[in-house]
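Asker: Mind looking at a prediction? Sequence and model below.
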Amino acid sequence: MIKVMKFGGTSVGNEKALGNLVSIVKNEPSQKALVVSAMSGVTNTLIALMKDPGASNDAFYDELLKRHVLAARTLTDQSQLDDLEMKLRLRIFNLRQTVERYHADSAGREMLQDAIASWGERLSSLMVASVLKAQGLDTVAMTSEEAGIAAVGLPGNGTADLERSEKNFHSNVLPMILAGRTPVLTGYYGADSSGRPLTFGRGGSDYSGSVVGYALGANVVEIWTDVDGFMTADPRIVPSARTIREMDYGEAAELAYFGARVLHPRTIEPARKRKIVVMVKNTFHPDGEGTKIHELRASRNELLRSVAVKSDLSILKVYSSEIVYNPSLVAKLLESVSEDGVSTYAISTSLSTLAIALPSGAAKRVCDKISKLEMGQIEKVRIKDNVSLICTVGDDLINHMGAAAMIFDAAMEAKANIEMISEGASDVALNFAVPSEQANDVVIRIHERFIAGRTGG
Ligand code: ADP
Ligand code: ASP
Ligand code: MG
């Protein structure tokens, strides 16, 4: 049995968290691979470096080194610590050179942006491997390039090539694990066919964990984070949210895509293909049961299991009297939205309008693009900003008579106007868009009405 253990940013974020990580890993008898995120906040500072050349100064790099060394200090011995510091210094030196190249040559920037964003994982993996080694584990830090996590796609939005990754892992990683060693792998990114780093989008280390699970033929992927599991809502919005003990892959995937940040939206895909169990556990409360995500067929006679909210969306509306009479027009419009890798969160059509919910950051670009299309049939294109999508998930929700009416009633209570509805596409989810100002209130009310009173997960 091989287990993959993924530790998120807060789980490697300071000395205390690392201490917990050490005991969790030491108590795990299985053969295993670790996947780690950057220390919390580090990826943000790396991305900021690209926006502000002035931020790339001695103080920044000294602080980055210090943060990693200080977190490891009490958990290791002097010779390990010296060795770690030397390795970190070298990587930080390479980071600085890459950042300088980035600012010197605007033409080559796109090639370097994912490399820079992924540097936090290159540092944290060294730190975690070193600490565990000092505690007697036979660890080896490996970058995604060394392990062979293969990726395709656009910068900031890569997708793992599962077959190629598996092949690479069979030669680069599996023999090591079978020999009793524990690789500590960088999360968040893979390498494209020319070896260039491609990140999987923010929060992408969960997906890396699942990809590694697939590539190793693991039985379990554990996602170690800072909450007690996958919960009935984001506990930052609904403090009384409860941990869900068991979930089906489909439910978890819907919620993750529509805003439950506890899992990167694509985490479930690789695991589901191989029926690998995904466990979500709390590094700061390791004895808690956490959430088990697997193929769950039991029917649970309850309206809703969980509610999530995806914010920072806009609704793009394309007006044309030919929407319904000319199906190829809709196809062309959707193609021009998806060409640049823009995700859509809801689509609906009427006689003369096509409405698409998409990330606000992409809305203006897509609007300009569609406005320029040589399609005489398009009358106008409009954007509505500050929209959030509420995603409600329940077992067989679609067949539950009156579900939509009851859920919308809760939205009305929050005085939220429903801007767009998506139901029927998924058997387990009912999604609808509301103005962002009311979104949290809608989540709180839906949780209160349909989820809070129940016991158990
Ligand atoms: P990590 O750094 O471990 O990847 P993240 O911050 O990415 O951690 O994800 C964990 C956070 O996800 C939690 O602190 C919580 O606020 C948020 N979250 C959102 N929705 C949910 C949910 N349904 N269940 C649990 N946590 C959620
Ligand atoms: N470090 C990356 C991020 O902050 C990936 C991750 O944490 O999963 O987005
Ligand atoms: Mg995360």
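Answerer: Arrived safely. In this text, all values refer to a predicted model and were calculated from it rather than measured experimentally. Ligands and ions are numbered 1, 2, ... in the order given.
Asker: Would you mind giving the secondary structure of the residue lying closest to Gln135 once chain neighbours are set aside?
Answerer: Spatial nearest neighbour of Gln135, excluding adjacent residues (C-beta to C-beta, 6 or more residues apart in numbering): Val22 at 5.4 Å. Heads up, the C-betas are built off the backbone N, CA and C, glycines and all. Of the three states, Val22 takes helix under DSSP: H, G, I helix; E, B strand; the rest coil.
Asker: The stretch 1-150 of the chain against ligand 1: which residues are in contact?
Answerer: Within the stretch 1-150 of the chain, the residues that sit near ligand 1 (C-beta under 6 Å from any ligand atom) are 8-11, 37.
Asker: what's the closest of the residues you listed to Asp226?
Answerer: Closest approach between these and Asp226, by C-beta to C-beta: Thr10, at 4.3 Å.
Asker: mind checking how far the residue nearest to Gln135 is from Asp192?
Answerer: Going from Val22 to Asp192 by C-beta to C-beta, to the nearest Å gives 34 Å.
Asker: ok, now Tyr102?
Answerer: Distance of Tyr102 to Asp192, computed by C-beta to C-beta: 18 Å.
Asker: again, but for Glu63
Answerer: Distance of Glu63 to Asp192, given as C-beta to C-beta: 31 Å.
Asker: Can you tell me which residue of the stretch 101-250 of the chain sits closest to ligand 3?
Answerer: Of all residues in the stretch 101-250 of the chain, Gly203 sits closest to ligand 3, at 3.9 Å by C-beta to the ion.
Asker: The residue lying closest to that residue once chain neighbours are set aside: which element?
Answerer: Nearest residue to Gly203, sequence neighbours excluded (C-beta to C-beta, 6+ apart): His264, at 4.5 Å. Using DSSP states H and E, His264 falls within no helix or strand.
Asker: so who does the closest residue to Lys273 other than its chain neighbours touch?
Answerer: Spatial nearest neighbour of Lys273, chain neighbours left out: Tyr214 (6.6 Å); criterion: C-beta to C-beta, 6+ apart. By C-beta atoms under 8 Å, 6 or more residues apart in numbering, the residues touching Tyr214 are 162, 165-166, 270-271, 273-274, 276.
Asker: Tell me the buried residues within those residues.
Answerer: With neighbours counted using 16 or more other C-beta atoms under 10 Å, those contain these buried positions: 162, 165-166, 270-271, 274, 276.
Asker: any chance of those residues in JSON lines, with pLDDT too?
Answerer: Output for the buried ones among the contacts of Tyr214, formatted as JSON lines (pLDDT from 0 to 100):
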{"residue": "Leu162", "pLDDT": "98"}
{"residue": "Ser165", "pLDDT": "98"}
{"residue": "Glu166", "pLDDT": "98"}
{"residue": "Pro270", "pLDDT": "98"}
{"residue": "Ala271", "pLDDT": "98"}
{"residue": "Arg274", "pLDDT": "97"}
{"residue": "Ile276", "pLDDT": "98"}
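Asker: So which of these belong to helices?
Answerer: Among these, the residues falling in helices (DSSP state H) are 162, 165-166, 270-271.
Asker: what's the closest of those residues to Ala17?
Answerer: Out of these, the member with the shortest distance to Ala17 (by C-beta to C-beta) is Ala271, at 24.6 Å.
Asker: Quick one: residues contacting that closest one.
Answerer: Counting by C-beta under 8 Å, 6+ apart, Ala271 touches 210, 213-214, 221, 249, 277-278, 293.
Asker: Phe258: neighbour count?
Answerer: Neighbour count of Phe258, defined by other C-beta atoms under 10 Å: 23.
Asker: That one: what's its closest spatial neighbour, skipping adjacent residues?
Answerer: Closest residue to Phe258 apart from its sequence neighbours, by C-beta to C-beta, 6+ apart: Cys391 at 3.3 Å.
Asker: Show me what residue of the protein gets nearest to ligand 1.
Answerer: The chain approaches ligand 1 most closely through Gly8 (1.9 Å), counting by C-beta to the nearest ligand atom.
Asker: Can you pull the residues of the stretch 251-400 of the chain lying near ligand 1?
Answerer: Applying C-beta under 6 Å from any ligand atom, one finds that the stretch 251-400 of the chain approaches ligand 1 through 260-262, 306, 308.
Asker: Redo those residues as JSON lines? Include secondary structure.
Answerer: Listed next are these as JSON lines, based on three-state DSSP:
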{"residue": "Ala260", "secondary structure": "coil"}
{"residue": "Arg261", "secondary structure": "coil"}
{"residue": "Val262", "secondary structure": "coil"}
{"residue": "Ser306", "secondary structure": "strand"}
{"residue": "Ala308", "secondary structure": "strand"}
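Asker: Name the nearest of these relative to ligand 2.
Answerer: Nearest to ligand 2 among those is Arg261, at 9.9 Å by C-beta to the nearest ligand atom.
Asker: Tell me if Ser40 really is in a strand.
Answerer: No. With three-state DSSP as the criterion, Ser40 is assigned coil and is not in a strand.
Asker: For it, list the residues it contacts.
Answerer: Applying C-beta under 8 Å, 6+ apart to Ser40 gives the contacts 8-10, 12-13.
Asker: Please repeat the previous calculation with a cut-off of 10 Å.
Answerer: Applying C-beta atoms under 10 Å, 6 or more residues apart in numbering to Ser40 gives the contacts 8-14, 17, 120, 124, 226.
Asker: In helices, which of those residues fall?
Answerer: Judged by DSSP H, the subset of the contacts of Ser40 located in helices is 17, 120, 124.
Asker: Number of residues surrounding the second one?
Answerer: Counted by other C-beta under 10 Å, the residues lying close to Gly120 total 29.
Asker: wait, Phe230 sits on Glu289?
Answerer: No. Using C-beta atoms under 10 Å, Phe230 is not in contact with Glu289; the gap is 11.6 Å.
Asker: Show me whatever sits in contact with both of those two.
Answerer: 243, 245-246, 279, 457.
Asker: State the number of residues packed around Lys369.
Answerer: Using other C-beta under 10 Å, Lys369 has 16 neighbouring residues.
Asker: so what's it up against?
Answerer: Lys369 neighbours (C-beta under 10 Å, 6+ apart): 336-337, 339-340, 342, 362, 381.
Asker: repeat for Val393
Answerer: Going by C-beta under 10 Å, 6+ apart, Val393 touches 232, 247-248, 250-255, 258, 260, 304-308, 426, 428-431.
Asker: quick one: which of the residues you listed sit in strands?
Answerer: 247-248, 306-308, 429-431 (DSSP state E).
Asker: neighbour-wise, which of those residues leads?
Answerer: Going by other C-beta under 10 Å, Val307 tops these with 30 neighbours.
Asker: Assess the claim that it and Leu397 are in contact.
Answerer: No. Using C-beta under 10 Å, Val307 and Leu397 do not qualify as a contacting pair, with a distance of 11.5 Å.
Asker: Now list whatever residues contact both of the two.
Answerer: Going by C-beta under 10 Å, 6+ apart, residues that sit against Val307 and also against Leu397 are Ile407.
Asker: where does the stretch 201-350 of the chain come near ligand 2, residue by residue?
Answerer: Counting by C-beta under 6 Å from any ligand atom, the stretch 201-350 of the chain comes close to ligand 2 at 202-205.
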